[in-house]
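Colleague: Okay, predicted coordinates and the sequence, questions at the end:
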Amino acid sequence: MMDGPPMPAGAAIPDEGLARLMPMFARLSECGHIRAAGPTLRRICGNIDLAGRRFLDVFDVARPHAVRSCADLFDLSDRKIVVRFRALPAQQLRGHLVRLAPGDGAIVNLSFGISAAEAVRDHGLSHADFAPTDLTVELLYLTEVKSAVMGELKSLNQRLQSARRKAEAQALTDPLTGLANRRAFDLALDRAVAGTGRGMSFALLHLDLDRFKQINDSLGHGAGDRVLAEVARILRAQMRQNDTIARVGGDEFMAILMGASEPESLLRICDRVIAALEQPIDYEGTACRISGSIGVARSVSYARPEPRRMIEDADAALYHSKHMGRGRTTIDRPGHDAAA
Amino acid sequence: MHGLINRSIQCFLRETYGAAFWSQVAQAADVSPEGFETMLSYDEAITDRVIDLAARDLAKPREALLEDLGIYLATLEPLRRLLRFGGVDYVDFLHSLDDLAERAHLAVPELDLPDVHLKPLGPDRFRLVCAGRRGYRAVFAGILRAMADDYGALALIDAEEGAEAVAIELLQTRFAEGRRFDLALGGTA
């Protein structure tokens, strides 16, 4: 047995006290009518007079299951319930109903749950509408801080992404001509060789400029750079969009012509390139005259094309062109199969 | 030092004194030309270098520059909003500063803000003690000044010489109409 005075039989909390503790409470009578409601709850219900109305007429219980009678409602005591304000069904409220002593009805406390931000915005709620223990304001704070941090991360990602693109482009491009560099060419050649397994064909062109060194030596690097840029323009003009054109050395160029395998059409292309190269290129009033020799290796000449082998054969074909007097094209390694 | 802090110093210097001034300070302090990234961490010393160089070039006491930084920070709308979440009035806000470091951790776990502690000295007098690095006192003095205006409170705020603390004397809680604050962005009511 305990000493001391007996505990009072349940200290009743006046409604004003409940309203401050739980601004979204509703006290229900034994027959399910609202006796009193907290100020924030009244506010989100559009400041209608809630007292005297039947709770289930104002709110629709959505979870754990629909409820029709007051007895059913009170059976949900001590469980999490989800209710909707009937006049504004989009808004869901989370609730907790506690049955009081038989005959004394029940108390329901409601809160916004995770849709707090919309509710706060829609009803213009402020700190004062929440009990100090309520974490709704912290939830809003976190939502805002999270989107700020996400924004920073997003812009960091965008900066990194564009820096990466730039670095990639720089790593694969010859800065003087804007053509692909050796590295990009090797990657494209690997892709083209892999494509032959799916029945695709291609030709590998190796172009070496003739008389380029003399221009560089007599007119200087400025002239040389001007000539190289012009060569790049000519190659782009004579080839198609999905062909790969690369500057692989000082005055050496390589190209991959997709789908090209007929010697006649390859010769036509190469002749056009050489004819264009032989047009004088103006450098500060001086006409620079160059030509070019070309060697070609065709993927169709091999049972199983290999990048290294094709590069060697195109090189040998190029050497043959030079040996035969420059300004000409050799298709396939001399002494191999077809030669032109 | 966290990039968020360095970046805010960068934005403050660039927006207040111009891009050329920032570039000059950044170069002298050995900051990369792209500036600071908010989500990376930097060596502590670089932050001090930037502040010292900027103060020297502006011929301004370091404390005064840091106080301006505090004012600048508290007037940035996203930050102002986050600070206003702290409380309904200025006193509430002052008390909420005790949670500042923890709140910052909620947002960015790596972001270490100094531990600050509000000591009530009387009904309208407070002292905000800032532990940690030197200089925070001045930044907080600036933030407290700007936030007093924001709440419409009239307060005397003094960074205490020789101690990492700020003295606050509240003359009037509602001196003027403060700036508006809605809990949810895009609020109408």
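Modeller: Sure thing, it's come through.

Colleague: Would you pull up how far the worst-scoring helix or strand of chain B on mean pLDDT lies from the middle of the chain?
Modeller: Least confident helix or strand, chain B: helix B:100-107 with a mean of 88, by mean pLDDT, DSSP states H and E. With Cα atoms, centre = their mean, to the nearest Å as the basis, helix B:100-107 stands 14 Å off its chain's centre.

Colleague: who touches it?
Modeller: A:141-142, A:145-146, A:148-149, B:82, B:111-116 (Cβ atoms under 8 Å, 6 or more residues apart in numbering or on different chains). Using the backbone N, CA and C atoms, a C-beta is placed for each residue, glycine as well.

Colleague: swap the cut-off to 10 Å and go again
Modeller: With Cβ atoms under 10 Å, 6 or more residues apart in numbering or on different chains as the test, helix B:100-107 has contacts from A:138, A:141-142, A:144-146, A:148-149, B:2, B:4, B:82-83, B:85-86, B:96-97, B:99, B:110-116, B:131-132, B:140, B:143.

Colleague: Looking at those residues, which are in helices?
Modeller: Applying DSSP state H to these, the entries found in helices are A:138, A:141-142, A:144-146, A:148-149, B:4, B:82-83, B:96, B:140, B:143.

Colleague: Check those residues for burial and list the buried ones.
Modeller: Buried residues within these, defined by neighbour count using 16 or more other Cβ atoms under 10 Å in any protein chain shown: A:141, A:144-145, A:148-149, B:4, B:82-83, B:96, B:140, B:143.

Colleague: Can you tell me the closest non-neighbouring residue to the single nearest residue of the stretch 151-300 of chain A relative to chain B?
Modeller: At 4.5 Å from chain B, residue A:152 is the closest residue in the stretch 151-300 of chain A, using Cβ to the nearest Cβ. Spatial nearest neighbour of residue A:152, chain neighbours left out: residue B:38 (4.5 Å); criterion: Cβ to Cβ, 6 or more residues apart in numbering or on different chains.

Colleague: any idea which helix or strand carries that neighbour?
Modeller: For residue B:38, there is no helix or strand it lies in under DSSP states H and E.

Colleague: Would you confirm that it contacts residue B:1?
Modeller: No: the criterion here is Cβ atoms under 10 Å, and residue B:38 misses it with residue B:1 at 11.9 Å.

Colleague: List the residues that contact residue A:318.
Modeller: Counting by Cβ under 10 Å, 6+ apart, residue A:318 has contacts A:205-208, A:252, A:254, A:292-297, A:329-330.

Colleague: ok, now with 6 Å
Modeller: A:206, A:208, A:293, A:295 (Cβ atoms under 6 Å, 6 or more residues apart in numbering or on different chains).

Colleague: need the residues of chain A near chain B, please.
Modeller: A:117, A:120-121, A:124, A:126-128, A:140-141, A:145, A:148-149, A:152-153, A:156 (Cβ under 6 Å from any Cβ of the partner chain).

Colleague: which among those residues end up buried?
Modeller: Neighbour counting over the residues of chain A next to chain B (16+ other Cβ under 10 Å) leaves A:117, A:120-121, A:126-127, A:140-141, A:145, A:148-149, A:152 as the buried ones.

Colleague: For chain B, what is the nearest residue in chain A?
Modeller: residue A:124 (2.0 Å).

Colleague: How much space separates that residue from residue A:133?
Modeller: Separation of residue A:124 from residue A:133 (Cβ to Cβ, to the nearest Å) stands at 22 Å.

Colleague: check which helix or strand covers residue B:63.
Modeller: Short version, using DSSP H and E: residue B:63 is in helix B:62-75.

Colleague: Can you list the buried residues in that helix?
Modeller: Neighbour-count burial for helix B:62-75, counted by 16+ other Cβ under 10 Å, picks out B:62-63, B:65-75.
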